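**Q** Can you look at this prediction? I've put the sequence above it.
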Amino acid sequence: MGSLAEQKIPVINFKEEHLKPGSDSWISALKQVRYGFEEYGCLEIVCDQFPFELHNSIFDAAEDVFNLPKETKMQKTSTRPGKIGYIAGLPELPLYESIALDSATTLEEVEYFTNIMWPAGNNSFRDSVHSFSKRIEVLHEMVTRMVFENYGVEGLFNSFWEKRFYVCRFFKYKAPHQTNESEVGIGAHTDSTFLSILHQHQVKGLQIKTKDGQWIDVKPKPSSLFVIAGDVLKVWSNDRVRSCEHQVMVSEDKIRYSAGLFTFIKGVMQVPEELIDDEYPLRYKPFDHAEYNRYLLSEDRDKNCPINAFCGI
Ligand SMILES: O=C(O)CCC(=O)C(=O)O
Ligand SMILES: [Fe+2]
């Protein structure tokens, strides 16, 4: 399916030298980031800082946590109100199971979660999750800096960066052929995040929708991460960036694992005035990200384009 379109999703090779703002490779990556987000709402990062051992250890950690008894996984692991940590057994998503940790870039927070799951401790889980999240955070910062530079608002980066927080979530999808269920792992949606950075295990499943409505596969690769623009980035950019519609279809007769770091914003988000002009008049009212997440859980949410229904002008 759609191999031609698939080749056009930018694949950015993030080597050490890209870390130097102003270098030729930084500028070339900058353009690809802009193209990926504006055309597809996503991009792929191939990363020499993402070693194969980390790929293996993060999915060993995922298996470890999903193998725990349901009662253990269902314990409250977050102090945030309305937070859903463990999700499984939804009638509309029979293949889907996921579990989340707050602030996984902070060792103490990962330890807090680990000790709830394993009261005697599990250092290998703790260290894998923490180092996965820290590595992704580095890439996240680079991509976010590039987005701000692309739109000429580098000066706003620091105050934005202070408002972020992360949720790390692991996913496990049953093989549909074992259960005679449909292949839908998770239906078409955009994420409510600023960015979602996903890493898939060996079994494919993630698909994204192009502007012309075609679904294309995102193949799992051990050293690559898939970056998805969420609703908050779309709003922040005043509709320059698309929020990427995506879904998971589990078509192989195998269990599928994936993991991701999802960025949320504390407090109110609004379009910077520098991004409002004749071509892009203001399209969104300021909104509180936590309230938007609550709205998404409510029965009366708009199912087609919730972010526009929530704060669109
Ligand atoms: O399992 C995946 O790879 C993606 C999950 C996803 O899209 C989500 O949780 O929003
Ligand atoms: Fe998603």
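**A** Alright, I've got the coordinates. Ligands and ions are numbered 1, 2, ... in the order given.

**Q** make it CA atoms for all contacts and neighbour counts henceforth
**A** Will do.

**Q** Just give me the longest helix of this structure.
**A** helix 123-150 (DSSP state H).

**Q** Give the next helix or strand downstream of it.
**A** Sequence-wise, the next helix or strand downstream of helix 123-150 (DSSP states H and E) is helix 157-162.

**Q** Would you mark the buried spots in that next one?
**A** Neighbour-count burial for helix 157-162, counted by 16 or more other Cα atoms under 10 Å, picks out Phe157.

**Q** For it, which outside residues touch it?
**A** Arg145, Phe148 (Cα atoms under 8 Å, 6 or more residues apart in numbering).

**Q** Would you mind writing the CA trace of that helix as CSV?
**A** C-alpha atoms of helix 157-162 as CSV (Å, rounded to 0.1, in the frame of the first residue of the first chain):
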residue,chain,number,x,y,z
PHE,A,157,11.3,28.3,23.2
ASN,A,158,12.5,28.5,26.8
SER,A,159,9.2,29.6,28.3
PHE,A,160,7.4,26.9,26.2
TRP,A,161,9.9,24.2,27.2
GLU,A,162,9.3,24.9,31.0
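
**Q** between the helix or strand just after that helix and helix 123-150, how many degrees?
**A** The C-terminal neighbour of helix 157-162 among helices and strands, as given by DSSP H and E, is strand 164-173. If you take axes from the mean of the first three to the mean of the last three Cα atoms, to 10 degrees, strand 164-173 sits at 120 degrees to helix 123-150.

**Q** In three-state terms, label Ala309 for me.
**A** Of the three states, Ala309 takes helix under DSSP: H, G, I helix; E, B strand; the rest coil.

**Q** right, and it touches Asp302 too?
**A** Yes: counting by Cα atoms under 8 Å, Ala309 sits close enough to Asp302 to count as a contact (6.3 Å).

**Q** where along this structure do the strands fall?
**A** Assigned by DSSP state E, the chain shows strands spanning 11-14, 42-47, 86-88, 96-102, 164-173, 184-189, 195-200, 206-209, 215-217, 224-229, 246-249, 256-265, 268-269, 287-288.

**Q** Make TSV out of the ones you listed and add mean pLDDT, distance to ligand 1 and mean neighbour count.
**A** Formatted as TSV, the strands of the chain follow (pLDDT from 0 to 100; distance: least, Cα to the nearest ligand atom, whole Å; neighbours: other Cα atoms under 10 Å):
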stretch	mean pLDDT	distance to ligand 1	mean neighbour count
strand 11-14	89	17	18
strand 42-47	93	12	22
strand 86-88	95	11	17
strand 96-102	95	8	22
strand 164-173	95	6	21
strand 184-189	94	7	19
strand 195-200	96	6	24
strand 206-209	96	5	20
strand 215-217	93	11	19
strand 224-229	96	9	25
strand 246-249	96	6	22
strand 256-265	96	5	23
strand 268-269	94	20	16
strand 287-288	94	20	17
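
**Q** For His140, which of the ones you listed is the nearest?
**A** Of all these, strand 195-200 sits nearest to His140, with 7.8 Å by Cα to Cα.
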